Each structure stands twice: as structure tokens, then as C-alpha cells.
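# Fold the following for me, if possible:
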Amino acid sequence: MATINPVIIKERVLKNGTHKLRIAVRHKSVTSYIVTKIILNDPGQLKNGKIVRHPDACELNKKLRNMLDIYEERLDNVKNTDLYTCEQLRDIIKSGPDGEEVTFKGISGEYVSYLMSEGRNSYAKLIERSSRYFCDYCRGDIEMEDITPVLVKSFSEYLRRSGKTQTYINTILSHIKVIVNKAISDQMVSYSVHPFSSVRISPAPVREVTLSLESFLRIMNSSPDTKKKKMARDLFMISFMLGGMNLIDIMNVDFRDKEVRYVRTKSAGRTQQENVISFDMPEGIERYAGGWMQPNGKLDFGYKFTYHNFSQYVSYAITDLAEELGIKERVVFYSARKCFAQFASDICMPDSVINYCLGHSDRSKGVIRYYTKIRSRQASICIKRVCDYVIRPELYKDFVELRSMSLMNMM
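As a prediction, the model looks like this:
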């Protein structure tokens, strides 16, 4: 059962020696706090949930009681508290549909802070930028309940008149929709008609960065003459051999282990049940990881700047390597992930297994997906066969032809 109580946290003293009164929300053995504007000179001025020995104690206690009444009412209106985490309950009672204003900037700011705390800095910056554009169009912050289909549509048309591409518009709108949906799911606002009901957000176009097998083999068999390009080649191949793993997750892998087991950083925290991916460490990966591996099993390339800068550095390096090898196709670090998916499909690996290796949810239709689960063993076999395919493609000629025939029959 969730409870709320006023508290003073002695360790969080302000610079002038005073203390802000907080409302502690306790739920599922976890405590979260709502910071109030009530400031006390000493922790002893809060006793048994009441303010004492303060010149304005009577007035402050009335204010505190009113505040607690609002929060308790909001908590009582939550039908099933067990469905929520402590942080979610705190957000619900802090900014409910009645009482305090629930603004777009407030919801956006809290979500950006959450993303930053989860290490998803790049996505947090994108949300922050899109939110700023929307607030600029609205000429300041706006209450969530005032976001209507008409407003969203006019914002979309404004972006189009400004000369923005459809891809850019879709990206901005999808970020705004994330904030709106978060406010709805956290019961901070409700709409009779969803604000995005009159605007269609087209799915992002698939990036054409998949390589032909010939171009891929050029990278795999290359012998870079500089540390920068060798690093790019090795990371590219490591990503491919680990089922298209993203760079940020590669940097957290312990290459001493016989099994790879991780949750994609990109999707962590989006669902209540984490999507854990596991498979055997591929044979031969030490060729690319061994030279960079430290005693703790992690890779270290001697790059001392931020991860964001390192990611850009790797992307530029792999592009330079591709140009040096005479590859005409567009090559980015993401090409390793795309190649893994394409080659796995070429040799007729099941889509559900490929999705598991990539960390995607299996959205394929059919009742069978409700009765079966992709296991680590299947992912290990898939990765092993894809790695074998690029070494001995002639052995998989029949599979590739079979897939080509099936595609032709579908046309």
C-alpha cells in the first residue's frame, strides 16, 4: 500500500543551512520525493507530520494540510497502485488532472531528466530540442489539456511552410507525441480526442546502408595501416558478430565471458519487463576484440572524450576506411547491424530469431508467437551461421537462391 508523509532530509541541506520540506511517497519498498516550497530553518521544526517552533507554523500547517489532502485524493483515485512504480505514483499525485497545472514543458523536462539518468543522453537531447521547437511555436509553455488536434495540425503545417523535410517533421512530431502519451499514461491529463488524431506520422524511411557481400568482405579482409582505421574495422566486425549490437552496448560487454547477455541501452526502461538478449560468444571474435581488451574484459581504445564524440569518431573512421577500399556504397557503423540482418535473411534464418538477435520485439502475426519463445540457443545458431556464411558463402548458395525464388513468387 502506498503512503505519503512530510519529511525533512537532513543530508539535503541548502547552502544557507535551511531545509526544504518534502513529501515522501513510499510504495513497493521504494521512496520517492516531491519537493515543496516550504522551507524550515531546522529539521526539528517538523515533528509527527506537523510544523512546530516556527513563527508561521499555523499558516504553514494549513498549507501543508491542503497539499496533503490533494495528494491523498489523487492517490485514492488511482484504481490499482500495484500497476505503477513508486516514481510513477509520485508523478501522478504530483501533477494530477486537478490542482496544479500540468504543462508540456514540465512533463517534457521530467522525461528528459529520466532519460539522462538512464544514460540515454542522445535521445534525451532530441526530445529536448523538439520540445523547445514546440514551445517556441506556442510562444511559451502550454498546459497539456490545451494541446488539441487543431494545434498539432497547425504546428505540422508551420514546419512544412518553413521548408522542413517530411522526415524532419515526422521526427519532431513523434517526439511531441511521446510527451503527450506519457502524460496520458501517467494519468496527468485525459483527452476526449487524442491531439494527434488528425495528423499522420509516417514511419521513418529505411536507411539504405546495407552492403553487398563483396563490399562487406572487403572490410572484413582489410588490413588497415592506421590505428584509427583498424579500430573502425574491428568495431564494425564485432558489432556484426554480436548480432548487430550497437556501439554503446559493445563497450559494456565482458569479452572474457562465454555467453553474451545484455539489455539494449536504446530500449532499456521502455517496458516493465526488460528484453534480455543472450547467446554464445562467437568463435573467432578475439581476432577483432583481443587487441583492445583490458584485464576487466572490456574494450579500451584510448579515447578520453565523451561517448557521443567517440561514436562520431568511429563513424568517420569507418567511412574513411570504406573510401580507401574503393567501396561505392554508403558505409556507416550502422551498416554492420543492417548487414547482419540482411545476411541472416539471405540464408533463410527465421524472422523471429533475427528480431531476437537485434533486440526487436517480434511483431509477426500468428498465434504461434504467443506459445513459443526464442531461446538463447537459437540465437547462437543464427549468429554462428551468419558468421560462417561470410567466410564460406558457397556453402549457403542454395539458401540464397531459395530466398530469391520465394521473393520472386511474392511479386
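# so where do the helices sit in the stretch 301-411 of the chain?
Counting by DSSP state H, counting those that start in this stretch, the stretch 301-411 of the chain has helices at residues 307-324, 335-346, 351-358, 376-391, 397-410.
# Make JSON lines out of those helices and add distance to residue 10, mean pLDDT and mean neighbour count.
In this view, the C-beta of every residue, glycine as well, is placed from N, C-alpha and C. Listed next are those as JSON lines, based on distance: least, C-beta to C-beta, whole Å; pLDDT from 0 to 100; neighbours: other C-beta atoms under 10 Å:
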{"stretch": "helix 307-324", "distance to residue 10": "36", "mean pLDDT": "90", "mean neighbour count": "17"}
{"stretch": "helix 335-346", "distance to residue 10": "49", "mean pLDDT": "93", "mean neighbour count": "22"}
{"stretch": "helix 351-358", "distance to residue 10": "48", "mean pLDDT": "90", "mean neighbour count": "20"}
{"stretch": "helix 376-391", "distance to residue 10": "47", "mean pLDDT": "93", "mean neighbour count": "18"}
{"stretch": "helix 397-410", "distance to residue 10": "66", "mean pLDDT": "63", "mean neighbour count": "11"}
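# Same list (those helices) but as CSV, adding distance to residue 17.
Listed next are those as CSV, based on distance: least, C-beta to C-beta, whole Å:
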stretch, distance to residue 17
helix 307-324, 38
helix 335-346, 54
helix 351-358, 54
helix 376-391, 56
helix 397-410, 72
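# wait, which of the ones you listed is closest to residue 106?
Counting by C-beta to C-beta, residue 106 lies closest to helix 307-324 out of the helices of the stretch 301-411 of the chain; the figure is 26.5 Å.
# I'd like to know which elements the closest one is packed against.
On a contact count with 3 or more C-beta pairs under 8 Å, 6 or more residues apart in numbering; DSSP states H and E, helix 307-324 meets helix 121-137, helix 213-220, helix 227-241, helix 247-250.
# switch the cut-off to 6 Å
helix 227-241 (3 or more C-beta pairs under 6 Å, 6 or more residues apart in numbering; DSSP states H and E).
# Which elements pack onto the helix it packs on?
Here helix 227-241 touches helix 286-289, helix 307-324, helix 335-346, going by 3+ C-beta pairs under 6 Å, 6+ apart.
# Please determine how far residue 194 is located from residue 260.
Per C-beta to C-beta, to the nearest Å, residue 194 is found 40 Å from residue 260.
# Now do stretch 208-218: distance from first to last residue.
19 Å (C-alpha to C-alpha, to the nearest Å).
# Show residues contacting that stretch.
Around stretch 208-218, the neighbours that count as contacts under C-beta atoms under 6 Å, 6 or more residues apart in numbering are 325, 327, 329-330, 332, 334-335, 338-339, 342.
# I'd like those residues as TSV, with distance to residue 377 appended.
Formatted as TSV, those follow (distance: C-beta to C-beta, whole Å):
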residue	distance to residue 377
325	36
327	35
329	34
330	35
332	32
334	27
335	28
338	25
339	23
342	23
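# Pick out the most distant pair among these.
Across these, the longest distance by C-beta to C-beta is 19.1 Å; it joins 325 and 342.
# Pull the distance from stretch 140-156 to the chain's centre.
Between the centre of stretch 140-156 and the centre of its chain there are 25 Å (C-alpha atoms, centre = their mean, to the nearest Å).
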